[in-house]
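> model the structure of this input:
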Amino acid sequence: MLLLSVDRDGTGRGFDLELIAAVAQGLTVPLIAAGGAGSPEHVAQALQAGADAVALASLLHYQAMERVPQSLSGQEGNRLFLDGQRGPGQPLAGATITEVKAALSEAGFMVRPT
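Numbers count the residues shown, from 1 in each chain. The predicted structure is shown next:
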């Protein structure tokens, strides 16, 4: 089941941990949490709250998007986000898969080496 917190999506404030925990208790299928990841630590917190997996977009993509010349991306969609013209929340510095794996390892999760 994909659980998307629309209130947190794109904010970088972290996943809705209470919602994840409440929904996870009643499920017999895997739970994928989405919406809100702003740091590698947020990924570990969602898994600790009961998610079986997480969906990440902004956390991983915007750091790479910042390297795309504006002439190639225009003023559409994500470019406004990158330029700070998005809603309230913490700024997303971006992260790499290696950083996410390190946070998961520090939280006690087994991860494959990079």
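> local confidence estimate at residue 71?
With respect to pLDDT, residue 71 has a value of 50.
> typed the wrong thing, it's residue 56
90.
> just checking, it touches residue 38?
No: with contact defined as CB atoms under 8 Å, residue 56 does not count as touching residue 38 (10.4 Å). C-beta: built from backbone N, CA, C; applies to glycine.
> these two: which has the busier surroundings?
residue 38 (22 against 18; other CB atoms under 10 Å).
> please name the nearest non-neighbouring residue to the more buried one.
Leaving aside its sequence neighbours, residue 38 sits nearest to residue 12 (CB to CB, 6 or more residues apart in numbering; 2.8 Å).
> quick check: that neighbour touching residue 37?
Yes: taking CB under 8 Å as the definition, residue 12 is a contact partner of residue 37 at 7.4 Å.
> any common contacting residues for the two?
Counting by CB atoms under 8 Å, 6 or more residues apart in numbering, the common neighbours of residue 12 and residue 37 are 58, 59.
> looking at these two, which is more packed in?
residue 37 (30 against 21).
> now the more buried one, what's its secondary structure?
Put simply, residue 37 is coil when judged by DSSP: H, G, I helix; E, B strand; the rest coil.
> distance of it relative to residue 6?
14 Å (CB to CB, to the nearest Å).
> next one: residue 33
Taking CB to CB, one finds residue 33 at 13 Å from residue 6.
> same check, this time on residue 19
Distance from residue 19 to residue 6, by CB to CB: 11 Å.
> between the two, which has more neighbouring residues?
It is residue 19, of residue 19 and residue 6, that has more neighbours when counted by other CB under 10 Å, with 17 against 10.
> count the residues that sit near the nearest residue to the more buried one once chain neighbours are set aside.
Using CB to CB, 6+ apart and skipping the chain neighbours, the partner closest in space to residue 19 is residue 5 (5.9 Å). By other CB under 10 Å, the residues close to residue 5 number 18.
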